[in-house]
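Peer 1: just a sequence and a predicted model for now, questions to come.
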Amino acid sequence: MVKRDIVHIDEEKCNGCGQCIPNCAEGAIQIIDGKARIVNDAYCDGLGACLGHCPQDAITIMEREAPEFDEEAVHEHLEAVKTRETLACGCPASQVQELKGSPAGRGRAEAPAQSALRHWPIQLNLVPVNAPFFKDADLLLMADCAAVAYPALHQRLLNERSVVMGCPKFDDVNHYVEKLTEMLKNNDVRSLTVAHMEVPCCSALNVVAKRALEASGKMIPTQRLIVSVEGDIKRA
């Protein structure tokens with residue numbers, strides 16, 4: 001044990017939003033029981049890359065007794081995270097639930113409505129940054145799962161919008177930021193809507209949008225929508 005700088009998370013202030021997690025390259029922070037926590041002091045380098053990304057100001061650097069930073073242990077930890085079963089990761093997004101659905105929707109198939117999708121591809125990793133459908137577009141940045149959970153997707157969200165989709169939990173968040181930054185820089189995007197699931201890890205998509213907007217230097221009207229696993233939607 002040595003006395004060194006290390007991240008401190010105030011559990012009273014933390015609301016479990018998860019916006020700090022993508023900014024910890026060592027994977028030292030996880031959401032456990034609805035709060036961000038350091039899973040192992042040896043994984044935290046104390047440099048504070050996660051500072052400034054907490055909307056509740058719950059993260060600070062403090063000096064205290066702790067194990068030395070162990071780079072080899074961090075590498076093993078990150079490899080284990082990649083291969084671990086999703087249900088073992090402790091993330092609220094992996095909680096198994098059975099959804100009842102509306103009584104009117106059970107036992108019968110509705111006639112499909114006309115698709116409001118205006119272009120292809122839609123995956124953020126695949127779509128070209130200079131695609132013509134981004135010019136003068138109202139852009140929707142959407143989490144993959146939200147498209148399945150929200151029943152009025154085509155009528156209320158896709159209508160008259162260009163869309164890009166991704167998963168901030170399993171994809172490279174920094175690559176998302178770089179890609180979206182170039183999209184915003186190179187196209188006259190009129191507005192940006194971010195739609196993600198209510199689970200903490202999915203809220204990192206909002207962090208992607210915020211960092212991309214800052215890097216692009218653009219002032220673009222933005223709204224954030226949160227979709228529940230029951231299919232309800234609300235503005236953040």
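Peer 2: Cool, got the structure.
Peer 1: how is the chain carved up into domains?
Peer 2: Domain assignment for the chain by automatic domain parsing gives 2-91, 116-235.
Peer 1: spell out the residue ranges of the helices in the chain.
Peer 2: Ranges of helices in the chain, per DSSP state H, are 71-83, 144-149, 173-186, 204-216.
Peer 1: now do the last one against helix 173-186, angle only.
Peer 2: Helix 204-216 and helix 173-186 are oriented at 50 degrees to each other (axes from the mean of the first three to the mean of the last three Cα atoms, to 10 degrees).
Peer 1: identify all contacting residues around helix 204-216.
Peer 2: 18-19, 21-23, 53, 141-143, 166, 168-169, 173, 176-177, 180-181, 183-185, 192, 194, 196, 220, 222, 224, 236 (Cβ atoms under 8 Å, 6 or more residues apart in numbering). Every C-beta, even on glycine, is put in place using the N, C-alpha and C of the backbone.
Peer 1: quick check: mean pLDDT of it?
Peer 2: Helix 204-216 shows a mean pLDDT of 93 in the predicted model.
Peer 1: repeat for the third one
Peer 2: Helix 173-186 comes out with an average pLDDT of 92.
Peer 1: which strands and helices sit next to that helix?
Peer 2: Judged by 3 or more Cβ pairs under 8 Å, 6 or more residues apart in numbering; DSSP states H and E, helix 173-186 is in contact with strand 162-166, helix 204-216.
Peer 1: can we see that at 7 Å?
Peer 2: helix 204-216 (3 or more Cβ pairs under 7 Å, 6 or more residues apart in numbering; DSSP states H and E).
Peer 1: run the chain-centre distance for the helix it packs on.
Peer 2: Here helix 204-216 shows a centroid-to-chain-centroid distance of 10 Å under the convention Cα atoms, centre = their mean, to the nearest Å.
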